[in-house]
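Novice: Prediction below, plus the sequence it came from.
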Amino acid sequence: MPVPAELSPPSPHGAPRTRAGEQDDSTLPPTAAATATATRGGTGRKRRRGARDPRASWAWETEWDRAYLLACAAGLLVDPLFLYAVAVSAPLMCVFLDAWFAAAVTALRCAVDAMHASNLLLRLRGACSPRREDTDEEEAQPGRDGGVPGRGTRSKEGVFLDVLVILPVMQVVVWVATPAMIRAGSTTDVMIVLLTAFLLEYLPKIYHAVRVLRRMQGVSGYLFGTIWWGIALNLMAYFVAAHAVGACWYLLGAQRATKCLREQCAQAGSGCAPWALACAEPLYYGATASSVGAARLAWAGNATARGTCLDSADNYQYGAYQWTVMLVANPSRVERVLLPIFWGLMTLSTFGNLESTTEWLEIVFNIVTITGGLILVTMLIGNIKQVFLNATTSKKQAMHTRLRSVELWMKRKDLPRSYRHRVRQYERQRWAATRGVDECRIVRDLPEGLRRDIKYHLCLGLVRQVPLFQHMDDLVLENICDRVKSLIFPKGEVIVREGDPVKRMLFIVRGHLQSSQVLRNGAESCCMLGPGNFSGDELLSWCLRRPFLERLPGSSSTLATLESTEAFGLDAADVKYVTQHFRYTFTNDKVRRSARYYSPGWRTWAAVAVQLAWRRYKHRKTLASLSFIRPRRPLSRCSSLGEEKLRLYTALLTSPKPNQDDLL
């Protein structure tokens, strides 16, 4: 029975399967096969031209997210500046708009709006673009709905908010509505209109910024990667709130000063006209007072009104707006902005220090300010505390979670107590060495060139501590650094047993190992390996032997840790790669001498040879000193326990030396 194409197994030679409805090129005539191949090749080239690298796209989108979030914060800082455009002329005691200041703020607002518009267009373009059938598009990260360009269909609420924050409400009010109201003489109502327009535009912007922040946190899990950025964002939010509250406080203080001037104008009677409170030029660019009429000059000379409303706050009930008296007529724009920010920070940080009058708008403003300050201070302290706690305890919590999981696993598998103790000891040592950071995984996911450079930088100093590598050139060391792995062994751990296949070479960085070897008479020969020594030199003989054998060599000794040990490991396949591609290095006399000197096998053989020679010398010297004893046969024929041991050592001495059958 024929098997459907979708379920057909792959060919034994690794040939790709054909989909249902497609025909293999091998079954077509040569011309048709060439045509089919060219057609599919052309389609593939078209798709590749439109495809993007998902990792590069994700990195660009992340950077755009951060820039756009900072643009949202900048927009929240720019909008309150519109309220500082309203001022009172000190010479003429009339209300006007600082046109140059308003123009500068409008330019900043246009730059922020351009950022919002670019973000909206990018997202709409990504949402409206047709879905590609390319496999690269299938690898794009799902679930980031509306976070960055091309992440999914935008909801109506998101599009509405994006459009709402771009609307030039404050620009229209400042440049159109406010000058018209000042010309009409509605100087007090100007403040209410400005404040209402500001709140109607500013509150949705706050909601939009919070929504963007939450969405980005939900998508990537973090924004800027460090705890200092988290603290900076919380402090920035507090500063924005103080800036907005200070701007509202300044505008309401300007309204109170205008109200005071209107009352003084009413008391002046025929000496003051209501339109005198509005400057002749609502948008003031710094013109002189030469064109001012006589009525306005007469009102400007009213000393009572000036002393009551502008010179001091003691003659009128300013309430919470006492400090605004020295601001509304202050020509310095910097002072006009900085003092309200200071007042906002002070008021939001301390409670109960506001003196209020009985006016309902002032009372509501004070209530909102005090309540908002209480909430903001609580949130600021809580968020900063949470950021620090997350930074200091997240790794500890991860460690405890892993240890609990390991304990449950060992309990479920019913491991012996000794094994459990060894597992706990290893986990604690590994955590102390790595601090919960999987360095191998981080480096493995990097591009090849960057990975090689980083591993060369991290491992070169430690690799050069191994005497075997001190006589190798940089090219060989770079390839070795790219393939070594950092290994950690707890105390008392048996790494390899005598006779087991040698799977890797170990280069000790910290700690000590014990290499033990059982001799022919059952005795055990031991030597200690410390930093700079290595084991697994059998792999060098195995790689350099000709003809090459696929079977791994057996270990000539048992390796066990005497203490917690850190080492570099070079797997058998990596040793084979290095020795095959850089064979000239391992035939160098200096490298051969270093390998023999630091090899535990050669050291054991040398120690046995020295001990054997010494014992033979002592035995001959002892027999020579006993001159009164005349043995019946030559000394070499003496039958004694010492002679039997001597024969055993002689057999060991005449046995093949380590690595004798290769270049080493």
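Specialist: That came through fine. Numbering: from 1, shown residues only.

Novice: Could you use CA atoms for every contact and neighbour count after this?
Specialist: Noted.

Novice: Can you tell me how far residue 110 is from residue 71?
Specialist: Separation of residue 110 from residue 71 (Cα to Cα, to the nearest Å): 12 Å.

Novice: More neighbours: which of these two?
Specialist: Just comparing residue 110 and residue 71: by other Cα atoms under 10 Å the higher neighbour count belongs to residue 71, 19 against 16.

Novice: For the stretch 251-400 of the chain, which segments count as helices?
Specialist: 294-300, 303-306, 325-328, 333-349, 360-413 (DSSP state H, counting those that start in this stretch).

Novice: So which of those is the most surrounded?
Specialist: helix 325-328 (a mean of 20; mean count of other Cα atoms under 10 Å).

Novice: Just name whatever secondary elements it is in contact with.
Specialist: Contacts defined by 3 or more Cα pairs under 8 Å, 6 or more residues apart in numbering; DSSP states H and E place helix 325-328 against helix 227-268, helix 333-349.

Novice: Would you mind finding the most buried of the ones you listed?
Specialist: Most buried of the helices and strands packed on helix 325-328, by mean neighbour count (mean count of other Cα under 10 Å): helix 227-268, with a mean of 20.

Novice: quick check, distance from that one to the centre of its chain.
Specialist: 37 Å (Cα atoms, centre = their mean, to the nearest Å).

Novice: Rounded mean pLDDT for that helix, please.
Specialist: Helix 227-268 shows a mean pLDDT of 85.

Novice: Which elements pack onto that helix?
Specialist: Contacts defined by 3+ Cα pairs under 8 Å, 6+ apart place helix 227-268 against helix 54-78, strand 86-88, helix 187-220, helix 303-306, helix 325-328, helix 333-349, helix 360-413.

Novice: okay if I get these as JSON lines plus mean pLDDT and distance to residue 275?
Specialist: Converted to JSON lines, those look like this (pLDDT from 0 to 100; distance: least, Cα to Cα, whole Å):
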{"stretch": "helix 54-78", "mean pLDDT": "75", "distance to residue 275": "32"}
{"stretch": "strand 86-88", "mean pLDDT": "90", "distance to residue 275": "14"}
{"stretch": "helix 187-220", "mean pLDDT": "84", "distance to residue 275": "9"}
{"stretch": "helix 303-306", "mean pLDDT": "84", "distance to residue 275": "16"}
{"stretch": "helix 325-328", "mean pLDDT": "86", "distance to residue 275": "19"}
{"stretch": "helix 333-349", "mean pLDDT": "89", "distance to residue 275": "25"}
{"stretch": "helix 360-413", "mean pLDDT": "79", "distance to residue 275": "25"}
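
Novice: TSV please, covering the ones you listed and showing distance to residue 238.
Specialist: Converted to TSV, the helices and strands packed on helix 227-268 look like this (distance: least, Cα to Cα, whole Å):
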stretch	distance to residue 238
helix 54-78	11
strand 86-88	25
helix 187-220	12
helix 303-306	37
helix 325-328	23
helix 333-349	8
helix 360-413	7
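
Novice: burial of residue 564, as a residue count?
Specialist: By other Cα under 10 Å, 18 other residues sit near residue 564.

Novice: looking at the helices of the stretch 251-400 of the chain, which is closest to residue 472?
Specialist: Distance to residue 472, taken as Cα to Cα, is lowest for helix 360-413 among the helices of the stretch 251-400 of the chain, at 39.9 Å.

Novice: isn't residue 283 right next to residue 96, touching?
Specialist: Yes - using Cα atoms under 8 Å, residue 283 makes contact with residue 96 at a distance of 6.3 Å.

Novice: which of those two has more neighbours?
Specialist: residue 96 (24 against 21).

Novice: Could you measure from the closest residue to that one other than its chain neighbours over to residue 168?
Specialist: In this structure, residue 96 finds its nearest non-sequential neighbour in residue 282, 4.7 Å apart by Cα to Cα, 6 or more residues apart in numbering. Distance, residue 282 to residue 168, by Cα to Cα: 20 Å.

Novice: cool, residue 201 as well?
Specialist: For residue 201, the distance to residue 168 equals 9 Å [Cα to Cα].

Novice: do the same with residue 81
Specialist: 14 Å.

Novice: before we move on, what SS does residue 531 have?
Specialist: Put simply, residue 531 is coil when judged by DSSP: H, G, I helix; E, B strand; the rest coil.

Novice: That one reaches residue 511, doesn't it?
Specialist: Yes - using Cα under 8 Å, residue 531 is in contact with residue 511, at 6.6 Å.

Novice: what touches both of the two?
Specialist: Counting by Cα atoms under 8 Å, 6 or more residues apart in numbering, residue 531 and residue 511 have no common neighbour.

Novice: picking up where we left off before, which of residue 201 and residue 168 has more residues huddled nearby?
Specialist: Set residue 201 next to residue 168 and count neighbours by other Cα under 10 Å: residue 201 wins out with 19 against 14.

Novice: Could you measure from the more buried one over to residue 242?
Specialist: 17 Å.

Novice: Identify the spatial nearest neighbour of residue 576, chain neighbours not counted.
Specialist: In space, and not counting its chain neighbours, residue 576 is closest to residue 543: 5.5 Å by Cα to Cα, 6+ apart.

Novice: mind checking how far the one you found is from residue 555?
Specialist: Per Cα to Cα, residue 543 is found 15 Å from residue 555.

Novice: Please apply the same query to residue 117.
Specialist: Distance from residue 117 to residue 555, by Cα to Cα: 69 Å.

Novice: Between these two, which is the more surrounded one?
Specialist: residue 555 (22 against 16).

Novice: Any chance of the backbone angles for the more buried one?
Specialist: Note on residue 555: its backbone torsions stand at phi -80, psi 140 [degrees, to the nearest 10].

Novice: Can you give the domain ranges for this structure?
Specialist: The chain breaks down by automatic domain parsing into domains covering 59-130+141-382, 439-606.

Novice: out of those domains, nearest to residue 618?
Specialist: Closest approach to residue 618 among the domains of the chain is made by domain 439-606 (18.3 Å; Cα to Cα).

Novice: got the contact list for stretch 204-215?
Specialist: Stretch 204-215 is touched from outside by 69, 72-73, 76, 147, 161-162, 164-165, with contacts defined as Cα under 8 Å, 6+ apart.

Novice: among the residues you listed, which two are most distant?
Specialist: 76 and 147 (20.2 Å).

Novice: returning to what we had before: tell me who's in contact with the residue nearest to residue 576.
Specialist: Shown in contact with residue 543 (Cα under 8 Å, 6+ apart): 575-576, 579-580.

Novice: Check residue 483 too.
Specialist: Shown in contact with residue 483 (Cα under 8 Å, 6+ apart): 570, 574.

Novice: Many thanks, I have nothing further to ask.
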